[in-house]
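Participant: have a look; sequence and predicted model below, questions after that.
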Amino acid sequence: MASTYTPLGVELMATGENAGTWGTKTNTNLNIIEQISGGFASVTVAGTGNTNLTITDGGTGATGAARVIELSGTITGNITVSIPLDVENFYIIKNATSGGYTVEFQYVSGSGTSFTWTTTQKDWRILCAKGDDGTNPNIVEVSLTTSPAGSTTQVQYNNAGAFGGDSNLTWVAADGLNIGSQKELRLQDTTGGEYIGQKANGTTTSYTLTWPAGVAAANNYVLKSTTGGVLSWGEVTGGASWQAVITADPGPAVAGSGYFCNTTASAFNLTLPASPSIGDFVSFIDYAGTFDTNNLTVARNGKNIQGAAADLTVSTERAANTLVFVDDTQGWLLQNK
């Protein structure tokens, strides 16, 4: 009795057949089985029409007997890739073709189901050729995906090894991530034991905070907001930033600063800022009680002082004053006289 062959080409030898060649044929069969279980085949399917995957009885290298198949080439129309009618196997196939056309994987004949890559799907699929009907066998995709949990827009998370969803954690394309029911956003420290939590007020009117584009320009700045929720950095005000004792003009003074002026050795100028804004101020104190002998001259630097286009001479011992800018008419005004 002569040998027969499986649908994928493995030779089934009859009793007493192939004396002296059993070793060779068995090795070939093992190679075919190895190809079926994990072999790779690259198949070019350029152009249009149909490409048949081959099965070779008693031989290796058949494209239809490989486990993993990559379809490549430039296609210029919708194509089909076919396997023999009696094949029962599962394949891992990648559509690596170029060209905006469909690729259909099917049995060579019959009206069973097939699988089709759309014009844009260039990916791997696991396909099972079921061989479940001698005339109209079916090809189905083996899906390894798990259905998401929860409802539409709910963000997925690991829930004891399965997908989880929660109505309080959703993604809305027009708005972004939403955390509901006053739940917190927690920023953990490096140990994971402590955190900073942020959450909405129990009852609030909707608003959005827009953060500044960069960090603050210097220390002692705070965040401030417009009525539209746009945040910016603002310098902390409400008191002078006192500087170390000076014995010469700082040239010019810095708005918001206070100066301990020591005129023991000689009189000198304290030049005011060149481009002040309303509310800017400069403070000064007679450090050594010598303004009466060596006067301090407050140089106006182009702006009026007390409404006059003249510098201010301070000749009172232990004088302490603050000048506040109001406008170009009055200029700098003494806060305390």
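Facilitator: Here it is on my side, so go on.

Participant: quick one, helices of the chain?
Facilitator: Secondary structure of the chain by DSSP state H: the helices cover 22-38.

Participant: could you chop it up by domain?
Facilitator: 4-141, 157-198, 241-334 (automatic domain parsing).

Participant: what mean pLDDT does the second one have?
Facilitator: Right, domain 157-198. Domain 157-198 comes out with an average pLDDT of 92.

Participant: of all the domains of the chain, which one is nearest residue 212?
Facilitator: Using CB to CB as the measure, domain 157-198 is the one of the domains of the chain that comes nearest residue 212, at 17.4 Å. (C-beta placed from N, C-alpha, C; glycine too.)

Participant: gap between the two ends of that closest one?
Facilitator: Distance between the two ends of domain 157-198: 20 Å, counting by CA to CA, to the nearest Å.

Participant: residue 221: which of the domains of the chain is closest?
Facilitator: domain 241-334 (12.1 Å).

Participant: sorry, back to before: can you add distance to residue 212 and mean neighbour count and give the domains of the chain back as a markdown table?
Facilitator: Putting the domains of the chain into a markdown table (distance: least, CB to CB, whole Å; neighbours: other CB atoms under 10 Å) gives the following:
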| stretch | distance to residue 212 | mean neighbour count |
| --- | --- | --- |
| domain 4-141 | 41 | 16 |
| domain 157-198 | 17 | 11 |
| domain 241-334 | 20 | 16 |
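
Participant: can I get those domains in TSV including distance to residue 225?
Facilitator: Output for the domains of the chain, formatted as TSV (distance: least, CB to CB, whole Å):
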stretch	distance to residue 225
domain 4-141	45
domain 157-198	16
domain 241-334	19
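
Participant: so which of the ones you listed gets nearest residue 224?
Facilitator: domain 241-334 (14.7 Å).

Participant: ends of the closest one, what's the gap?
Facilitator: 18 Å.

Participant: same thing with stretch 217-227?
Facilitator: End-to-end span of stretch 217-227 (CA to CA): 23 Å.

Participant: residue ranges with poor pLDDT in this protein?
Facilitator: Along the chain, segments meeting pLDDT under 70 span 1, 237-238, 337.

Participant: give me the outermost residue of it relative to its centroid.
Facilitator: Using CA atoms, centre = their mean, the residue of the chain lying farthest from its centre is residue 16. It sits 68.7 Å away.

Participant: how about the contacts made by that one?
Facilitator: Contacts for residue 16 (CB atoms under 8 Å, 6 or more residues apart in numbering) come out as none.

Participant: residue 45 now?
Facilitator: Residue 45 sits in contact with 51, 71-73, 75, 79, 81, 97, 103, where contact means CB under 8 Å, 6+ apart.

Participant: again, but for residue 149
Facilitator: With CB under 8 Å, 6+ apart, residue 149 has these contacts: 156, 159, 162-165.

Participant: quick check: bridge partners of residue 129?
Facilitator: Beta-bridge pairing of residue 129 under DSSP bridges involves residue 89, residue 139.

Participant: test my guess that it contacts residue 93.
Facilitator: No: judged on CB atoms under 8 Å, residue 129 makes no contact with residue 93 at a distance of 10.7 Å.

Participant: got a markdown table for the contacts of residue 45, with distance to residue 44 too?
Facilitator: Converted to a markdown table, the contacts of residue 45 look like this (distance: CB to CB, whole Å):
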| residue | distance to residue 44 |
| --- | --- |
| 51 | 8 |
| 71 | 8 |
| 72 | 6 |
| 73 | 4 |
| 75 | 10 |
| 79 | 11 |
| 81 | 11 |
| 97 | 9 |
| 103 | 13 |
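
Participant: of those residues, which belong to strands?
Facilitator: Using DSSP state E, the subset of the contacts of residue 45 located in strands is 51, 71-72, 75, 79, 81, 103.

Participant: of all these, which comes closest to residue 214?
Facilitator: Of the ones in strands among the contacts of residue 45, the one sitting nearest to residue 214 (CB to CB) turns out to be residue 72, at 49.2 Å.

Participant: who is the closest one paired with across the strands?
Facilitator: residue 44.

Participant: ok, now how distant is it from residue 98?
Facilitator: 8 Å (CB to CB, to the nearest Å).

Participant: show me the contacts for the closest residue in space to residue 33 that isn't next to it in sequence.
Facilitator: Spatial nearest neighbour of residue 33, excluding adjacent residues (CB to CB, 6 or more residues apart in numbering): residue 10 at 6.5 Å. By CB under 8 Å, 6+ apart, residue 10 lies in contact with 29, 32-33, 36.

Participant: could you rerun that using 10 Å?
Facilitator: With contacts defined as CB atoms under 10 Å, 6 or more residues apart in numbering, residue 10 is in contact with 4, 28-30, 32-33, 36, 57-58, 65.

Participant: would you map the strands across the stretch 51-200 of the chain?
Facilitator: Listed in chain order, the strands of the stretch 51-200 of the chain (DSSP state E, counting those that start in this stretch) span 68-72, 75-83, 89-95, 103-107, 115-117, 124-129, 139-141, 157-159, 162-164, 169-172, 176-179, 185-188, 195-198.

Participant: for those strands, give me CSV that also has distance to residue 329.
Facilitator: Formatted as CSV, these follow (distance: least, CB to CB, whole Å):
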stretch, distance to residue 329
strand 68-72, 82
strand 75-83, 81
strand 89-95, 79
strand 103-107, 82
strand 115-117, 79
strand 124-129, 78
strand 139-141, 82
strand 157-159, 65
strand 162-164, 68
strand 169-172, 54
strand 176-179, 50
strand 185-188, 51
strand 195-198, 47
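
Participant: fine, thanks again, bye for now.
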